[in-house]
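Student: sequence plus predicted model, see below.
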Amino acid sequence: MNGVVKTLSTTIEHLRRQNHEVEVIAPSDGYWTMPLPTYPDIRLAPFAKRDVQRRIKTFRPQAIHIATEGPLGQAARKYCLKWDMPYSTSYHTKFPEYVKARFPFVPLSLAYRVVRKFHNSGQRIMVTTPSMAEFLKTKGFKNLAAWSRGVDLKQFSPALRFNPEDVYKGLPRPIFVNVGRVAVEKNIEAFLDMDLPGSKVVVGKGPQLDALKKKYPDILFTGAKFGNELARYFADADVFVFPSKTDTFGLVNIEAMATGTPAAGYPVSGPIDIIPGSGAGVVHEDLREACLQCLNIDRDIPAQFAKTYSWKNVADLFLDYLAPLDNEDVETFWDKIR
């Protein structure tokens with residue numbers, strides 16, 4: 001479960017509660033899949049194009065949203081363009097930077113050209129923050145709209161702290177924790193290399209996990225955590241550290257804040273849209289300085305700030321940003337599609 005999956009799945013839940021009918025086409029729908037090169041946990045469905053066509057035509061949607069740039073997204077885009085069907089997309093991650101981090105020989109400009117072509121042919125590109133919208137404008141992206149994120153305040157709560165006991169029991173305080181995918185684009189080594197008092201903890205799994213465990217034997221790597229247990233790893237920490245420079249939002253920052261734990265990050269897209277002016281964390285070019293300043297933050301401040309992030313608002317914005325057919329034209333439109 002990552003931020004993108006959490007956002008999409010929670011948005012779908014809220015839309016269905018409002019009596020909207022939603023059909024999801026995903027690699028897990030029984031398709032033959034292959035691992036994404038350098039990231040085997042992510043599966044691609046490269047031979048599902050014909051079934052994507054069949055499922056869209058059977059469902060006869062009023063609106064289509066393409067969530068990722070993978071093979072299923074490419075297939076849906078192809079048919080939308082062929083049928084002259086309007087659609088929206090979302091830009092969740094700095095995909096070109098991800099590619100560059102894994103394959104340094106690939107020019108960043110080439111990756112942006114490919115991604116820009118994919119998204120600009122739609123009617124709306126949903127991005128996570130205003131700063132990301134401004135950044136993508138400089139890269140030639142059009143029809144951008146800021147689509148924020150939410151947090152489950154029942155799952156992530158200050159009441160979980162040390163309840164029933166400290167999950168970091170035995171570790172020297174203060175506790176600095178990072179939660180997320182353990183992958184090269186997350187810049188986790190910037191966190192692990194810092195000289196900080198107390199203890200550093202990494203919660204999550206990913207393709208870089210084994211290498212980092214060998215390189216940093218004194219750091220606690222807990223592996224992936226879920227549900228209430230995950231929330232307690234946020235709540236029992238003293239500072240949440242977000243070293244990534246490639247994320248477009250960083251939902252984990254809000255989840256940490258919801259438990260009362262302040263967040264430290266670099267002044268880049270995502271953290272600069274959440275943290276400055278909130279009192280709930282610190283952004284600084286010197287991430288160590290941001291971490292140390294967070295130790296002085298009253299935990300009530302981030303907990304209160306996180307309450308402004310509502311999943312209902314996220315779902316309502318998504319609905320507003322779709323590019324639907326007119327109600328009276330839906331059946332007529334699909335009757336003409338062959």
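Tutor: Received the coordinates, thanks.
Student: mind giving me the packing neighbours of the lowest-mean-pLDDT helix or strand in the chain?
Tutor: Here the helix or strand of the chain ranked lowest by mean pLDDT, DSSP states H and E is helix 95-102, holding a mean of 79. For helix 95-102, the packing partners by 3 or more C-beta pairs under 8 Å, 6 or more residues apart in numbering; DSSP states H and E come out as helix 108-120. For the C-beta atoms, the positions are set from N, CA and C on the backbone; glycine is no exception.
Student: centre of the chain to the helix it packs on, how far?
Tutor: Computed by C-alpha atoms, centre = their mean, to the nearest Å, the separation of helix 108-120 from the middle of its chain amounts to 20 Å.
Student: repeat for stretch 174-194
Tutor: Using C-alpha atoms, centre = their mean, the distance between the centre of stretch 174-194 and that of its chain works out at 16 Å.
Student: ends of that stretch, what's the gap?
Tutor: Its start and end residues considered, stretch 174-194 measures 14 Å (C-alpha to C-alpha, to the nearest Å).
Student: so which elements touch the helix or strand hosting A231?
Tutor: Assessed by DSSP states H and E, A231 sits inside helix 227-235. When contacts are defined as 3+ C-beta pairs under 8 Å, 6+ apart, helix 227-235 sits against strand 175-179, strand 199-203, helix 251-258.
Student: buried ones in whichever helix or strand comes after the first one?
Tutor: It stands for strand 175-179. Downstream of strand 175-179, the first helix or strand assigned by DSSP H and E is helix 188-192. Neighbour-count burial for helix 188-192 flags I188, A190, F191, L192 (criterion: 16 or more other C-beta atoms under 10 Å).
Student: okay, the helices and strands packed on helix 227-235 in JSON lines with distance to V22 next?
Tutor: Shown next, in JSON lines, are these (distance: least, C-beta to C-beta, whole Å):
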{"stretch": "strand 175-179", "distance to V22": "28"}
{"stretch": "strand 199-203", "distance to V22": "31"}
{"stretch": "helix 251-258", "distance to V22": "21"}
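Student: past the longest helix along the chain, which element shows up next along the chain?
Tutor: Ordering each helix of the chain by length in residues (DSSP state H) puts helix 3-17 first. As assigned by DSSP H and E, the chain's next helix or strand after helix 3-17 is strand 34-36.
Student: for A264, what are phi and psi?
Tutor: phi -120, psi 130 (degrees, to the nearest 10).
Student: what pairs with it across the strands?
Tutor: V241, V282 (DSSP bridges).
Student: that one contacts D286, correct?
Tutor: No - using C-beta atoms under 8 Å, A264 is not in contact with D286; the gap is 10.2 Å.
Student: between the two, point out the one with more neighbours.
Tutor: A264 (30 against 11; other C-beta atoms under 10 Å).
Student: distance check, the more buried one against I274.
Tutor: Distance of A264 to I274, computed by C-beta to C-beta, to the nearest Å: 12 Å.
Student: what's the overlap in contacts for these two?
Tutor: Shared between the contact lists of A264 and I274 (criterion: C-beta atoms under 8 Å, 6 or more residues apart in numbering) are residues G281.
Student: what angle separates the longest helix of the chain from helix 251-258?
Tutor: On the basis of axes from the mean of the first three to the mean of the last three C-alpha atoms, to 10 degrees, helix 3-17 is oriented at 70 degrees to helix 251-258.
Student: for helix 3-17, name the packing helices and strands.
Tutor: So helix 3-17, by 3+ C-beta pairs under 8 Å, 6+ apart, packs with helix 251-258, helix 311-321.
Student: so what touches the last one?
Tutor: Helix 311-321 is contacted from outside by 7, 10-11, 14-15, 18, 20, 65, 88, 124, 126, 145, 147-152, using C-beta under 8 Å, 6+ apart.
Student: list the contacts for K137?
Tutor: Contacts of K137 (C-beta under 8 Å, 6+ apart): L144.
Student: export stretch 98-116 as PDB, just CAs?
Tutor: Taking Å, rounded to 0.1, in the frame of the first residue of the first chain, the C-alpha atoms of stretch 98-116 are listed here in PDB:
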ATOM      1  CA  TYR A  98      12.400   7.800 -11.000                       C
ATOM      2  CA  VAL A  99      13.700   6.500 -14.400                       C
ATOM      3  CA  LYS A 100      16.800   8.700 -14.100                       C
ATOM      4  CA  ALA A 101      17.600   7.300 -10.600                       C
ATOM      5  CA  ARG A 102      17.400   3.800 -11.900                       C
ATOM      6  CA  PHE A 103      18.800   4.200 -15.400                       C
ATOM      7  CA  PRO A 104      21.200   7.200 -15.300                       C
ATOM      8  CA  PHE A 105      22.000   6.900 -19.000                       C
ATOM      9  CA  VAL A 106      18.400   7.900 -20.000                       C
ATOM     10  CA  PRO A 107      18.200  11.700 -20.600                       C
ATOM     11  CA  LEU A 108      15.700  13.400 -18.300                       C
ATOM     12  CA  SER A 109      14.400  15.400 -21.300                       C
ATOM     13  CA  LEU A 110      13.500  12.300 -23.100                       C
ATOM     14  CA  ALA A 111      11.500  10.900 -20.200                       C
ATOM     15  CA  TYR A 112       9.700  14.100 -19.800                       C
ATOM     16  CA  ARG A 113       8.900  14.200 -23.500                       C
ATOM     17  CA  VAL A 114       7.300  10.800 -23.300                       C
ATOM     18  CA  VAL A 115       5.300  11.500 -20.100                       C
ATOM     19  CA  ARG A 116       4.200  15.000 -21.400                       C
END
